[in-house]
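S.K.: below are the sequence and a predicted model for it; my questions follow.
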Amino acid sequence: MSAIDFESLWHAVINEPHQRDVFSVHGPDHWRRVERNGCILAARTGANVDVVRLFAIFHDCKRENDGHDPGHGRRGGEFAAKVRGKWFDLPDPDFQRLYLACERHTEALHHSDPTIGTCWDADRLDLGRVGAVPDPYYMSTEFGREIARQGVIHPWLHLAVPVLGAGVGALLGEG
Ligand SMILES: [Fe+2]
Ligand SMILES: [Fe+2]
């Protein structure tokens, strides 16, 4: 059981002033799928689940448009730093992983740290929404490569249930 109140955190971050379009492909529906993907991956990669779930919330929350938007990852990390200790907390080494995962999630290719690699794989496995197929080459973890090769994540959905509850199927949001 996490010490972080994720539901309150979701509400707080979503209700922050933002520049997202309605139904942005980088908006909260995407964040939820990244969270789900991350919880599935973490069951086998050994990633820190709190960091992965926080990455899902923060990594795209400071996007200013749905295009290239350089620096949006760093802005997300800076925002996490600003509300750390108020809306959530993490030990320093874990927060450093969260910050780096947010800051570098678009520019970097792979990371050998299982938690950072899991964050990036979780994000990159949600490319179907923009008409792109996840490519095993861009995955950092072996489990991420396995899912990318399979082309669907549904066979592993049950792995997220211990963290997100049995309602995780309702979070699929694909369409
Ligand atoms: Fe992003
Ligand atoms: Fe993303």
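M.R.: Now that the structure is in, tell me what you want to look at. Ligands and ions are numbered 1, 2, ... in the order given.

S.K.: which helix or strand contains the residue most central in space within the chain?
M.R.: For the chain, residue 56 is the residue whose C-alpha lies nearest the centre (Cα atoms, centre = their mean; 2.7 Å). Taking DSSP states H and E as the criterion, residue 56 maps to helix 49-58.

S.K.: that helix - contacts with which helices or strands?
M.R.: Applying 3 or more Cβ pairs under 8 Å, 6 or more residues apart in numbering; DSSP states H and E, one finds that helix 49-58 makes contact with helix 6-14, helix 28-45, helix 72-83, helix 92-103, helix 114-124. The C-beta positions use only the backbone N, C-alpha and C, and glycine is treated the same way.

S.K.: any idea of the angle the fourth one forms with helix 114-124?
M.R.: Relative orientation of helix 92-103 with respect to helix 114-124: 30 degrees, computed using axes from the mean of the first three to the mean of the last three Cα atoms, to 10 degrees.

S.K.: next: the second one.
M.R.: Counting by the same axes, to 10 degrees, helix 28-45 points 140 degrees away from the direction of helix 114-124.

S.K.: helix 28-45 vs ligand 2: in contact?
M.R.: No: Helix 28-45 lies apart from ligand 2 when judged by Cβ under 5 Å from the ion; the minimum separation is 5.7 Å.

S.K.: between that helix and helix 49-58, how many degrees?
M.R.: On the basis of the same axes, to 10 degrees, helix 28-45 is oriented at 160 degrees to helix 49-58.

S.K.: swap in the fourth one?
M.R.: Using the same axes, to 10 degrees, the interaxial angle of helix 92-103 with respect to helix 49-58 works out to 30 degrees.

S.K.: list the contacts for the residue nearest to the centre of the chain?
M.R.: 31, 32, 34, 35, 38, 119, 122 (Cβ atoms under 8 Å, 6 or more residues apart in numbering).

S.K.: greatest separation within those residues: which pair is it?
M.R.: In the contacts of residue 56, the most distant members under the criterion Cβ to Cβ are 32 and 119, with 14.8 Å between them.

S.K.: between these two, which is the more surrounded one?
M.R.: Applying other Cβ atoms under 10 Å to residue 32 and residue 119 shows that residue 119 carries more neighbours, namely 34 against 19.

S.K.: pLDDT wise, what is that one at?
M.R.: Looking at residue 119, its pLDDT reads 98.

S.K.: likewise for residue 76?
M.R.: Note for residue 76: predicted pLDDT of 98.

S.K.: who are the contact partners of it?
M.R.: Neighbours of residue 76 in contact, by Cβ under 8 Å, 6+ apart: 58, 59, 60, 61, 62, 102, 103.
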